[in-house]
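the following comprises the amino acid sequence and a computationally predicted model.
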Amino acid sequence: MRLAVSIPVLPAALTRTRDTPAQTHLTAPQRRANVAGAFVADARLVAGKRVLLVDDVTTTGATMLACAEALNTAGATSVAAVTVARAI
């Protein structure tokens, strides 16, 4: 049995608004501050929608949190996140 799911991919729905320094040597609170306000979501694409964020690697979740906040601000009804790998 094969399960097929059709989920639109909308890369333009979320945009980084400013460059941020690499987070490799930052603590969790520093990472959150580093990416705070660094993303904006396009309300025309996400308002009233359930959004799934996909990331390759998550360390503290700071970037996912900043992205989710931008999506919520733009009117997404819910934001879920999935990551391929978790750094420890």
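Arrived safely, thanks for sending. Note that the structure is predicted; figures quoted are calculated from it, not measured.

which residue ranges form the strands in the protein?
For the chain, the strands defined by DSSP state E cover 14-16, 39-41, 50-58, 78-86.

so what's the model's average confidence on the first one?
Spelled out, that is strand 14-16. For strand 14-16, mean pLDDT rounds to 97.

wait, doesn't Arg86 sit right on Val57?
Yes. Between Arg86 and Val57 there is a contact at 7.3 Å, judged by CB atoms under 8 Å. (Each C-beta comes from the backbone N, C-alpha and C, glycine too.)

one step back: out of the strands of the chain, which one sits most buried?
Counting by mean count of other CB atoms under 10 Å, strand 39-41 has the highest mean neighbour count of the strands of the chain, with a mean of 21.

what packs against that strand?
If contacts are counted by 3 or more CB pairs under 8 Å, 6 or more residues apart in numbering; DSSP states H and E, strand 39-41 sits against strand 14-16, helix 62-73.

name the strands paired with it and say parallel or antiparallel.
strand 14-16 (antiparallel) (DSSP bridges).

which other residues reach the strand it pairs with?
For strand 14-16, the surrounding residues in contact (CB atoms under 8 Å, 6 or more residues apart in numbering) are Ala38, Phe39, Val40, Ala41, Asp42, Cys67, Ala70, Leu71.
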